[in-house]
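Engineer: Based on what follows, work out the 3D shape:
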Amino acid sequence: MTSMSDADVVAAVRDFVERIDALDPPPGAPAVALLHLRSGRMQASLALSAPVARALVSALAAYREPRDRGRCEHCGGRRIDEHFLCLDCGRPNGVFGQILLERAAGYEEPKELDPGSG
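Structural biologist: Numbers count the residues shown, from 1 in each chain. Modelled structure (predicted):
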């Protein structure tokens, strides 16, 4: 992941607000919410019109974190790794995780080929 500066965070939210606000004239529509944002030394107070507030809520609800693989069926933890193992309790998660664990347990290294055959 690329690193973000404090200014990037504030600028991204400010740009989002301005992009949505520009679609609903007249400018200066009454604010339904005020968002105070601070990242390091950068800060902004942004007035959110109803369309901007709806767009922000919708964008946040629609976001899916690629690392989020759901909850562990055993302990309820949220830290499932790419191998379907729970990083909290160490158990495989779900049917696929269980199958992977069973297959890995029964895995045998293939025998080396005889260099004289072939």
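Engineer: Buried residues in the lowest-mean-pLDDT helix or strand in the chain, which are they?
Structural biologist: When each helix and strand of the chain is scored by mean pLDDT, DSSP states H and E, helix 94-105 comes last, with a mean of 82. By neighbour count on 16 or more other Cβ atoms under 10 Å, the buried set for helix 94-105 is 97, 100-101. For every residue, glycine as well, the C-beta is placed using N, CA and C.
Engineer: ditto for stretch 31-48
Structural biologist: Neighbour-count burial for stretch 31-48, counted by 16+ other Cβ under 10 Å, picks out 35, 39, 46-48.
Engineer: and if you look at stretch 102-118?
Structural biologist: Buried, per 16+ other Cβ under 10 Å, within stretch 102-118: nothing.
Engineer: What separation do you get for the residue nearest to E73 when sequence neighbours are not counted and D21?
Structural biologist: Leaving aside its chain neighbours, E73 sits nearest to N93 (5.8 Å; criterion: Cβ to Cβ, 6 or more residues apart in numbering). Separation of N93 from D21 (Cβ to Cβ, to the nearest Å): 43 Å.
Engineer: more neighbours, these two?
Structural biologist: N93 (24 against 19; other Cβ atoms under 10 Å).
Engineer: does the more buried one really touch C72, like I thought?
Structural biologist: Yes - N93 lies in contact with C72 (Cβ atoms under 8 Å); the separation is 5.2 Å.
Engineer: Spit out the residues that contact those two alike.
Structural biologist: Counting by Cβ atoms under 8 Å, 6 or more residues apart in numbering, the contacts common to N93 and C72 are 80, 86.
Engineer: Can you flag which of the buried residues of stretch 31-48 belong to helices?
Structural biologist: Nothing among the buried residues of stretch 31-48 maps onto helices, per DSSP state H.
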